[in-house]
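A.B. asks: would you be able to build a 3D model of this:
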Amino acid sequence: MRFFLTGFMGSGKSTMGRELAQLLELSFIDLDKKIEERYGRDIPSIFATEGEKYFRDIEQQMLNELLESDNYVMACGGGTPCFFDNMDKMNEAGTTIYLKMSTDALAERLFSTQDQRPMLAGKNDTELWMFVHEKLQEREPFYLKAKYKVKAKDLKSSELAEFVRLYQ
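C.D. replies: Modelled structure (predicted):
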């Protein structure tokens with residue numbers, strides 16, 4: 001069994017993924033954390049020094065490696081499904097779930113953590129909302145390729161686990 005949580009940054013992929021894995025008695029994998037462990041640097045540092053293309057290449061490589069194992073819930077990076085054939089591979093390998101949230105809900109959630117996210121640092125309310133809106137419009141066609149789309153704003157991990165149990 002493989003479950004892939006996709007969605008925009010701040011949609012709860014890591015938190016929900018960790019809890020879902022525990023409820024389903026599966027391993028939890030945070031794709032970004034795996035990359036950081038392997039390369040000994042955080043994602044913003046990799047972006048800053050090597051650029052996005054390099055990051056997307058190593059992200060795809062790490063995803064491909066992890067597709068060789070089973071029995072996990074993976075929290076994907078917000079951009080993971082949007083590059084190469086990553087979303088198609090995840091759909092073939094397991095169950096993809098898009099944690100869907102509105103621009104307003106995402107901007108509200110991200111505002112309090114923007115200092116931890118270099119792409120958002122220093123943006124005022126309006127700039128943050130515009131950034132989220134534009135990026136979400138760009139990425140949502142990829143997210144919508146997920147097998148399941150769930151409203152994530154007030155979603156509880158127990159509800160997601162029950163949903164997964166019912167539809168597996």
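
A.B. asks: all strands for the protein, in order.
C.D. replies: Secondary structure of the chain (DSSP state E): strands at 2-6, 27-30, 72-75, 95-100, 148-151.

A.B. asks: elements contacting the fourth one?
C.D. replies: Put plainly, it is strand 95-100. Applying 3 or more CB pairs under 8 Å, 6 or more residues apart in numbering; DSSP states H and E, one finds that strand 95-100 contacts strand 2-6, strand 148-151, helix 157-167. Backbone N, C-alpha and C define where each C-beta goes, glycine included.

A.B. asks: if we can go back for a sec, in a markdown table: the strands of the chain, plus mean pLDDT and mean neighbour count.
C.D. replies: Listed next are these as a markdown table, based on pLDDT from 0 to 100; neighbours: other CB atoms under 10 Å:
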| stretch | mean pLDDT | mean neighbour count |
| --- | --- | --- |
| strand 2-6 | 98 | 27 |
| strand 27-30 | 98 | 18 |
| strand 72-75 | 98 | 26 |
| strand 95-100 | 98 | 24 |
| strand 148-151 | 96 | 15 |
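
A.B. asks: all helices of this protein, in order?
C.D. replies: With DSSP state H as the criterion, the chain has helices at 13-24, 31-39, 43-50, 52-66, 86-93, 103-111, 125-143, 157-167.

A.B. asks: what are the contacting residues of the last one?
C.D. replies: Identification of contacts with helix 157-167 by CB atoms under 8 Å, 6 or more residues apart in numbering yields Phe3, Met16, Glu19, Leu20, Leu23, Leu24, Thr95, Ile97, Tyr148, Val150.

A.B. asks: and of those residues, the nearest to Phe47?
C.D. replies: Set against Phe47, the nearest of the contacts of helix 157-167 by CB to CB is Met16 (24.3 Å).

A.B. asks: which pLDDT value belongs to that closest one?
C.D. replies: pLDDT, Met16: 95.

A.B. asks: ok, it touching Leu99?
C.D. replies: Yes. With contact defined as CB atoms under 8 Å, Met16 reaches Leu99; the gap is 6.5 Å.

A.B. asks: find the nearest non-adjacent residue to Gln60, please.
C.D. replies: Phe84 (5.1 Å; CB to CB, 6 or more residues apart in numbering).

A.B. asks: model confidence for that neighbour, exactly?
C.D. replies: Phe84 carries a pLDDT value of 97.

A.B. asks: pretty sure it contacts Gln61?
C.D. replies: No. Assessed by CB under 8 Å, Phe84 is found out of contact with Gln61, at 10.2 Å.
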